[in-house]
Structure formats: C-alpha cells, structure tokens
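[1] Based on what follows, work out the 3D shape:
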Amino acid sequence: MKKLMIAAALATMSSPIAAAPLCDDLGFAGLLAKCNRGEDIPLTLASGQPLGEDVVLQSGAYYTLVITADGSAELAIEGPSFFRAIWMNEIVINKIEIRPMAIDSIEFDKAGVAEVSFIAIKPGSHTIRIPGSTGETQSMTISIQ
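    Predicted coordinates for the structure are as follows:
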C-alpha cells in the first residue's frame, strides 16, 4: 500500500497539475494572443486515406484544425464530444468566416478546406471520425490536458 501511494505521488509530480496557456503575458488579446497559439492540426478527408495523427492539446491554448478534403468521395467528420470540449472562435470556408455556437459534424461534397479555430477547454480524450466508419485510420484521438 505504501509503495502504491509513493508511486501515485511521483506520478502526480511528474505531470503538470493544471494546464495553463502557452504564454505568461497574454496582453490585451487574452487567450487569442499570438503567443498562446499552438501548431495547426492537419486532418485529411480522402477516400481510403488516414484521417490524421492523434494529438495532445493544452487546455487554455488556441489552435486551428485544418480540414482538407480532396474530393475523392463525399465525406464528413463527426466528433460531438470534442466539439463540446472546446470554445470555437470561427470556422473559415472559402474565406467566409462563420462563428457558430456549436457543431456536431462537417461534411464535404467536393474538394475544399475548412479551418476551425478554437481554444481547448475541457480536459479529456475525444475521437473525431468519419461517420459510419470502423477502421482505425478513419478516426483520430484529440486529447486535451
């Protein structure tokens, strides 16, 4: 029992207890400050191709999910648990900015690019997938710490 408690204490100290924004001085822009932006997250919608690599995000940081469809098939992505764990700033499609309250999925009938900019909020592990698919490469996990 004593070894278990020591191991738990060491595990707690080795990982961040609370995730914080990426920069210390957010300034006037707050969480949308340039220094608080993480790397873009690429996601590819193409018939028979992997969706993307699993990623780990930091709660309180600003990210952009770049969804690129090649037009090889009519495909969508869904991830209601992920879309409920973030604050969406905007979705940009063909240079048109949309500021939604919430979404469950995005579908592409033709080739194109959609950019979803957001702040990661709720810690947890979330799956984004192509609806109705069961293959491992047709989904990706986004973890928020």
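[2] low pLDDT regions in this structure?
    1-21, 23, 25-29 (pLDDT under 70).
[3] can you give me the strands in it?
    Secondary structure of the chain (DSSP state E): strands at 41-45, 55-57, 62-69, 75-78, 86-93, 96-98, 105-108, 112-120, 124-129, 139-144.
[4] Pipe these into a markdown table and attach distance to Asp24 and mean neighbour count per row.
    Glycine gets a C-beta too; all of them are placed from N, C-alpha and C. Shown next, in a markdown table, are the strands of the chain (distance: least, CB to CB, whole Å; neighbours: other CB atoms under 10 Å):
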| stretch | distance to Asp24 | mean neighbour count |
| --- | --- | --- |
| strand 41-45 | 24 | 19 |
| strand 55-57 | 19 | 18 |
| strand 62-69 | 15 | 21 |
| strand 75-78 | 34 | 21 |
| strand 86-93 | 21 | 16 |
| strand 96-98 | 29 | 10 |
| strand 105-108 | 34 | 17 |
| strand 112-120 | 17 | 19 |
| strand 124-129 | 25 | 17 |
| strand 139-144 | 21 | 19 |
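[5] now for the ones you listed, which one comes closest to Leu32?
    strand 62-69 (5.9 Å; CB to CB).
[6] where's that closest one relative to the chain centroid, distance-wise?
    Taking the mean of its C-alpha atoms, strand 62-69 sits 8 Å from the chain's own mean (CA atoms, centre = their mean, to the nearest Å).
[7] Distance to Leu31 added to the strands of the chain, as CSV?
    Formatted as CSV, the strands of the chain follow (distance: least, CB to CB, whole Å):
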stretch, distance to Leu31
strand 41-45, 17
strand 55-57, 13
strand 62-69, 6
strand 75-78, 25
strand 86-93, 9
strand 96-98, 18
strand 105-108, 23
strand 112-120, 5
strand 124-129, 19
strand 139-144, 14
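[8] and Leu22, which of those strands is closest to it?
    Counting by CB to CB, Leu22 lies closest to strand 62-69 out of these; the figure is 8.2 Å.
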